[in-house]
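Enquirer: sharing a model prediction with you, sequence too.
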Amino acid sequence: MKIETGENNPILRKKSLSIKEIDQNVRKFANKMMVTMLEENGVGLAAPQIGENIRMFVIPEGMVSESVFINPEITKRSRRKNSMKEGCLSLPGKEVSIERSNWIKIRGINEKGEKFKLKVKGVPARVLQHEFDHLEGKLITDYE
């Protein structure tokens, strides 16, 4: 799968649409996303980054208890924040220092159609916030 690149790429700038039904096509797409993320040495990949305007992202297995996030919502963020440089597969060679919440509460649905809620802190929380931004049409350069 080809990674969509460019700060002004329209697919990367659209707010993604909710997934209505989690079927075999969604599961296959999640699997393709996971393979693409690993091949590109990424720590996360959102559907818009590979040309699909849907609310789904993946992160490596074992980072937190879930690796596929469908229709995710961040329900709470810590007031305390820290700053760290981030890169993005869609903006190769670009790094931006971004201030993000130290922890978040997030809920979503996994590829099996099961709802979940997580409290995530540290680097995994940063990764989830970065991928969630993609679903909102936001890129790291928007923080410059």
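Expert: Received, thanks.
Enquirer: isn't Ile109 up against Met56?
Expert: No. Counting by C-beta atoms under 8 Å, Ile109 stays clear of Met56, with 9.3 Å between them. C-beta here means a position set from N, CA and C on the backbone, and glycine is covered the same way.
Enquirer: tell me, what's touching the two both at once?
Expert: Shared contacts of Ile109 and Met56, defined by C-beta atoms under 8 Å, 6 or more residues apart in numbering, comprise 69-71.
Enquirer: quick revisit: the more surrounded of Ile109 and Met56?
Expert: A count of neighbours by other C-beta atoms under 10 Å puts Met56 above the other of Ile109 and Met56, at 27 against 20.
Enquirer: so what sits opposite the more buried one in the bridge?
Expert: Ile70 (DSSP bridges).
Enquirer: tell me the contacts of it?
Expert: Met56 neighbours (C-beta under 8 Å, 6+ apart): 16, 19, 26, 29-30, 33, 46-47, 68-71, 135.
Enquirer: could you do Ile104 as well?
Expert: Neighbour list for Ile104: 74, 76-78, 119-120, 125, 128-129 [criterion: C-beta under 8 Å, 6+ apart].
Enquirer: do you know the pLDDT at it?
Expert: On pLDDT, Ile104 comes in at 98.
Enquirer: make sure it is indeed in a strand.
Expert: Yes. Membership of Ile104 in a strand is supported by DSSP: H, G, I helix; E, B strand; the rest coil.
Enquirer: any idea what it is bridged to?
Expert: Bridge pairing for Ile104 (DSSP bridges) gives the partners Arg77, Val120.
Enquirer: ranking the contacts of Ile104 by neighbours, who comes first?
Expert: Busiest of the contacts of Ile104 [other C-beta under 10 Å] is Leu128, holding 25 neighbours.
Enquirer: for the host helix or strand of Val26, packing partners?
Expert: Element membership for Val26, per DSSP states H and E: helix 24-39. Counting contacts by 3 or more C-beta pairs under 8 Å, 6 or more residues apart in numbering; DSSP states H and E, helix 24-39 packs against strand 45-46, strand 56-58, strand 68-77.
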